[in-house]
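Chemist: From the sequence below, what's the structure:
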Amino acid sequence: MEQSKQEKITEMEKSLRMIAAHIKQRGREILNDFSITPPQFIALQWLFEENEMTIGDLSNKMYLAYSTTTDLIDRMEKNGLVKRIKDPKDRRVVRIQKLDKGYEIIEEVIKRRQNYLEQLTESFSDQNINNLHECLHLLYDEMNKHNYNQTPK
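Modeler: From the prediction side, this is the model:
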């Protein structure tokens, strides 16, 4: 007997949740080779995507209190991952930019995560890869249409 659409949706949600948890765990294992914490990595991912952000914007994206994000940025600045810069148009606004060291870490971690995904999909046919790619993009685009908060890649 074929599954109903609701049963498929239920299984899909569970699969996506388990995949996300697995990728997150693998990402944490990769981070062990670097001198940054998972929250610092998430902050770097946002800065990688947005180039520069205010602490307030970063706080909102990470669902953290402003003071928590300020402490996080303080530690990242001390480690040479980011720097604070004054907005030339409004001196009251402080923006956070990633430095070369932060950029290099994010690039290397993402590369390792992509290699991991490539290994996992070695046995997939080109058609399977294309279908998965297309479906994930459709889902992501639909989420954006409904204005759900985007997470880093």
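Chemist: Chain neighbours aside, what residue packs nearest to residue 23?
Modeler: Counting by CB to CB, 6 or more residues apart in numbering, residue 113 is the residue found nearest to residue 23 once chain neighbours are left out, at 7.2 Å. (Glycine included, C-beta is placed from N, CA and C.)
Chemist: wait, residue 76 sits on residue 40?
Modeler: Yes. Proximity of residue 76 to residue 40 meets the contact threshold set by CB atoms under 8 Å, at 5.5 Å.
Chemist: Looking at these two, which has the bigger crowd around it?
Modeler: residue 76 (24 against 21; other CB atoms under 10 Å).
Chemist: so the more buried one is in which element?
Modeler: Assigned by DSSP states H and E, residue 76 falls within helix 66-78.
Chemist: swap in residue 43?
Modeler: Taking DSSP H and E as the criterion, residue 43 maps to helix 38-50.
Chemist: So which elements touch that helix?
Modeler: helix 5-31, helix 55-62, helix 66-78, strand 82-86, strand 94-98, helix 100-120 (3 or more CB pairs under 8 Å, 6 or more residues apart in numbering; DSSP states H and E).
Chemist: I'd like the ones you listed laid out as CSV, including distance to residue 138.
Modeler: Compiled in CSV, the helices and strands packed on helix 38-50 are given as follows (distance: least, CB to CB, whole Å):
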stretch, distance to residue 138
helix 5-31, 13
helix 55-62, 23
helix 66-78, 33
strand 82-86, 34
strand 94-98, 31
helix 100-120, 19
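Chemist: now the protein, which segments are flagged as low pLDDT?
Modeler: Scanning the chain for pLDDT under 70 picks out 147-153.
Chemist: One more pass at 80, please.
Modeler: 1, 147-153 (pLDDT under 80).
Chemist: what's around residue 94, how many residues?
Modeler: So residue 94, with other CB under 10 Å, has 15 neighbours.
Chemist: so what's it closest to, chain neighbours aside?
Modeler: residue 84 (5.1 Å).
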